[in-house]
Structure formats: structure tokens, C-alpha cells
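Asks: Give me a 3D structure for the following:
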Amino acid sequence: MSTVGAFEAKTHLSRLLDKVEAGEEVTITRHGEPVAKLVPVKPARTRKEVDALIAEIKRTRKGTSLGGLSIRQLVNEGRKY
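Replies: Residues are numbered from 1 along each chain as shown. Got it, this is the predicted structure:
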């Protein structure tokens, strides 16, 4: 992890972003005191995890019905209040 001052961070932001993209963490300081940290963004979920989640949702929805009601009827019912 490297540490840079605020002025240097502003001047060399592209270079710092390249380092962060490569996996490094950068601490930004003001007058020697840490004020911010640049860290790599982790993907929220991998494609495999998303596909598994969709499959699970579809599996749990199977056999579930609205009891003969249509979506339009449910929307209209909700508008009464």
C-alpha cells in the first residue's frame, strides 16, 4: 500500500488509478494525515453466481400462482387506497 499527498493525488490521478486497477491500495493524505483510500472495486457477483441466483428464483417460483388474479387486477386493487 502506498501513501500520497492530496496535491500529488490530484496531479497524478491517472497513474494512481492504474496502480489501483492492478490491485494496489493507495492512501491519500492531507498535511500528513490520512483522509481517503483508493481501493480496487470488486465485482458484486460473478456471472456464475448470478446465473445460480436466477435458477434458484425460478425454482422457488415454480407452482406459485396469483390465485386466479391477473396482474392488472392486483394493480387496480392497490390503487384503491
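Asks: drop to CA atoms for contacts and neighbour counts, all remaining ones
Replies: OK.
Asks: now the strands: where do they sit in this structure?
Replies: Listed in chain order, the strands of the chain (DSSP state E) span 2-5, 26-30, 33-38.
Asks: Strand partners (parallel or antiparallel) of the first one?
Replies: It stands for strand 2-5. strand 26-30 (parallel) (DSSP bridges).
Asks: again, but for the last one
Replies: For strand 33-38, the pairing partners within the sheet under DSSP bridges are strand 26-30 (antiparallel).
Asks: Show me which residues of the partner strand are buried.
Replies: Neighbour counts using 16 or more other CA atoms under 10 Å place 26-29 of strand 26-30 among the buried residues.
Asks: Quick check, central residue of the chain?
Replies: Of all residues in the chain, the one closest to the mean position by CA atoms, centre = their mean is residue 44, 5.2 Å from it.
Asks: With mean pLDDT added, can I get the strands of the chain in a markdown table?
Replies: A markdown table is the format used below for the strands of the chain (pLDDT from 0 to 100):
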| stretch | mean pLDDT |
| --- | --- |
| strand 2-5 | 95 |
| strand 26-30 | 97 |
| strand 33-38 | 96 |
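Asks: Adding distance to residue 80, write those out as TSV.
Replies: Output for those, formatted as TSV (distance: least, CA to CA, whole Å):
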stretch	distance to residue 80
strand 2-5	59
strand 26-30	54
strand 33-38	50
